[in-house]
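Asks: here you go, sequence then predicted model.
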Amino acid sequence: MSFESPKEIERKILAILKVLSNLQKPAGSVIIAKELKIMGVDLSERAIRYHLKLTDERGFTRLVTERDGRVITDKGRREIERAMVNDKVGFAISRIERLSFLSNFDFEKRAGNVPVNISFFPEEKFLAALKAMEEIFEKGYCVSTLVAFARGGQFIGNLLVPSGMMGLGTICSIITNGALLKAGVPMDSRFGGIMQMVNERPIRFTEIIHYNGSSLDPSEIFIKAGMTTVTAAATTGNGEILANFREIPAICQPVAVKVIEGLKQAGFSGVLSFGDTSAPVCEIAVDLNKIGIVLVGGLNPVAAAAEQGFPSIIHSMSTVVDYNVLVSYKEVMKRFDLRERLSVYD
């Protein structure tokens, strides 16, 4: 390993730390190697063990047992946050590409993995936060009314819900990327932004952040900055919601229309605007022989909750879950409303 440059060693260590951070449970070299490969990093188990010794020495990781493997420490998480800026730039687009590949939902068979954004809420405020999201789900300012949820100590995909918290998985707009990719249609994810809605119609983007120049999901940034008025958009038809801009080759239009309709029939919609060849969409110029598509942001329900005083810990574009674990948000509300009335878990 002595032939490796210091910069290359740091990159590999950072990749390993990211895997352990995402897993949130002990993992050995076999599991880490598998996760790294999905991220596009090819490291042998022997090389991973070598780098884990370095992370142990620096206090970034801790050995649980020889059988279970290692976990990331608080110091290791801080190291990820302080990672080199050049390594962080473009991370958002990397996550989109990764989840597009992992999303293999078949709308005809109603089977497969779907991408989700995970948000953690304090357990005692979870039902109230859901009620704050209700109007958003009802008005369709979401990708789907189907959600995943889990209590503290349980997993949603590969994310562990912290003790004392509830985890909510809202469907990510990347499900459209994945379905189109599966159908042979390439999709260029250009940016996430704030969409102005007037009389329930999308008018224009008022703010945008390009994916290939951001280390964070733009939706997270806009939510934390308090830049949305999703609740107003749902109740009055006028407001600013989260949305994303994509492009596809014009020649693929017939296939894309069929896929989008198939997803809609399966309960996954969220297309705000579908443009014409080379024509601007919501005041955004489109490349020659391309079609612009505006997708509703999957975190709009969470944004509405934040607007009403229910902040959350957001892990956007974080993982995939099996379609069979999804339930209607109404069912989740019903279960937790009953739990509160009985003061016990169902």
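Replies: Cool, got the structure. Numbering: from 1, shown residues only.

Asks: switch to C-alpha atoms for all contacts and neighbour counts from now on
Replies: Fine.

Asks: and the helix or strand containing V114, which strands flank it?
Replies: According to DSSP states H and E, V114 maps onto strand 113-122. In the sheet, strand 113-122 lines up against strand 165-171 (antiparallel), strand 313-322 (antiparallel) (DSSP bridges).

Asks: these: lowest mean pLDDT?
Replies: Lowest mean pLDDT within the strands paired with strand 113-122: strand 313-322, at a mean of 91.

Asks: which residues touch that one?
Replies: Strand 313-322 is contacted from outside by 95-96, 99, 102-103, 111-121, 148, 156-159, 172, 174, 217, 220, 299, using CA atoms under 8 Å, 6 or more residues apart in numbering.

Asks: 7 Å - rerun?
Replies: Strand 313-322 has contacts (CA atoms under 7 Å, 6 or more residues apart in numbering) with 95-96, 103, 112-121, 157-158, 172, 217.

Asks: in stretch 250-268, what's buried?
Replies: Judged by neighbour count (16 or more other CA atoms under 10 Å), stretch 250-268 contains these buried residues: 250, 252-253, 256, 259-260, 262-264, 268.

Asks: looking at the strands paired with strand 113-122, which is buried most?
Replies: Greatest average neighbour count among the strands paired with strand 113-122 goes to strand 165-171 (a mean of 26), per mean count of other CA atoms under 10 Å.

Asks: in the sheet, who's paired with F205?
Replies: M195.

Asks: OK, contacts around it?
Replies: F205 makes contacts with 193-196, 282, as judged by CA under 7 Å, 6+ apart.

Asks: which of the residues you listed has the most neighbours?
Replies: Ranked by neighbour count (other CA atoms under 10 Å), the contacts of F205 have M195 at the top, with 27 neighbours.

Asks: per-residue pLDDT of that residue, please?
Replies: Reported pLDDT for M195: 98.

Asks: picking up where we left off before, which among the strands paired with strand 113-122 is found nearest to A27?
Replies: Taking CA to CA, strand 313-322 is the member of the strands paired with strand 113-122 nearest to A27, at 17.3 Å.

Asks: list the contacts of the helix or strand that comes right after the closest one.
Replies: Counting by DSSP H and E, the next helix or strand C-terminal to strand 313-322 is strand 327-328. Contacts to strand 327-328, defined as CA under 7 Å, 6+ apart, come from residues 145-148.

Asks: kindly recompute the last result at 10 Å.
Replies: Outside strand 327-328, the residues that touch it by CA atoms under 10 Å, 6 or more residues apart in numbering are 137, 144-149, 334.

Asks: which of those fall in strands?
Replies: 146-149 (DSSP state E).

Asks: mind picking the lowest-pLDDT entry from the residues you listed?
Replies: Lowest pLDDT among the ones in strands among the contacts of strand 327-328: F149, 93.

Asks: E307 versus that residue, what's the distance?
Replies: Relative to E307, F149 is positioned 21 Å away (CA to CA, to the nearest Å).

Asks: now the angle from the helix ranked longest in the chain to strand 313-322?
Replies: Longest helix of the chain, by residue count under DSSP state H: helix 6-23. Here helix 6-23 runs at an angle of 70 degrees relative to strand 313-322 (axes from the mean of the first three to the mean of the last three CA atoms, to 10 degrees).

Asks: elements contacting helix 6-23?
Replies: Counting contacts by 3 or more CA pairs under 10 Å, 6 or more residues apart in numbering; DSSP states H and E, helix 6-23 packs against helix 29-38, helix 45-57, strand 61-65, strand 69-72, helix 74-81, helix 85-88, strand 159-160, strand 313-322.

Asks: for S5, find the nearest of these.
Replies: With distances scored as CA to CA, the stretch of the helices and strands packed on helix 6-23 nearest to S5 is helix 45-57 (13.2 Å).

Asks: residues in contact with that closest one?
Replies: Helix 45-57 is contacted from outside by 1, 9-10, 12-14, 16-17, 28-34, 36, 43-44, 58-63, 70-73, 76, using CA under 10 Å, 6+ apart.

Asks: using CSV, list the CA coordinates for that helix.
Replies: The C-alpha coordinates for helix 45-57 follow below in CSV (Å, rounded to 0.1, in the frame of the first residue of the first chain):
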residue,chain,number,x,y,z
GLU,A,45,-11.3,-6.8,1.1
ARG,A,46,-7.6,-6.8,2.0
ALA,A,47,-7.3,-3.2,1.0
ILE,A,48,-10.3,-2.3,3.0
ARG,A,49,-8.9,-4.0,6.1
TYR,A,50,-5.7,-2.0,5.7
HIS,A,51,-7.5,1.3,5.5
LEU,A,52,-9.7,0.3,8.5
LYS,A,53,-6.6,0.0,10.6
LEU,A,54,-5.8,3.6,9.6
THR,A,55,-9.3,4.8,10.5
ASP,A,56,-9.1,2.9,13.9
GLU,A,57,-5.8,4.7,14.6
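
Asks: chain center to that helix, what's the gap?
Replies: 29 Å (CA atoms, centre = their mean, to the nearest Å).

Asks: no further questions, thank you.
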